[in-house]
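Colleague: here's my sequence, what's the structure:
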Amino acid sequence: MPTPVPDLRALGIEIARLRHERNLSIDRLAEAADVHRKTLIQIEAGRVAARISTLHAIAHALGVPLGELVAPVCARHRKSARTPTPIV
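Modeller: Alright, predicted model coming up:
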């Protein structure tokens, strides 16, 4: 089975929603997460796949667990009946 494509637009919408909920501007969130403003704009627009370290910093700045922040990325993926491959 092919690997599902992550829904980067859904992730961007979730970040923007949380940012607005907390009354943060792009500049304030970028500063709090130590991420460049242009990078944050690209992530919110769903144009780039951010590094896990960047998403972790954004989640921390928004005060949410990383898993909660990235949950929309896979929300539309069909659940696999297979057991995940163990990490060796």
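Colleague: burial of residue 44, as a residue count?
Modeller: 21 (other CB atoms under 10 Å). Backbone N, C-alpha and C define where each C-beta goes, glycine included.
Colleague: no, scratch that, I was asking about residue 41
Modeller: Around residue 41 sit 15 other residues, with neighbours defined as other CB under 10 Å.
Colleague: next one: residue 38
Modeller: 10.
Colleague: just checking, next helix/strand downstream of the helix or strand harbouring it?
Modeller: Residue 38 is part of helix 37-44 when elements are defined by DSSP states H and E. Per DSSP H and E, helix 37-44 leads on to helix 52-62 as the next helix or strand towards the C-terminus.
Colleague: go through that next one and flag the buried ones.
Modeller: 54, 55, 56, 57, 58, 59, 61, 62 (16 or more other CB atoms under 10 Å).
Colleague: which residues does the helix holding residue 38 contact?
Modeller: Where contact means CB atoms under 8 Å, 6 or more residues apart in numbering, the residues beyond helix 37-44 that reach it are 8, 11-13, 15-16, 19, 26-27, 29-30, 33, 48, 50, 54, 58.
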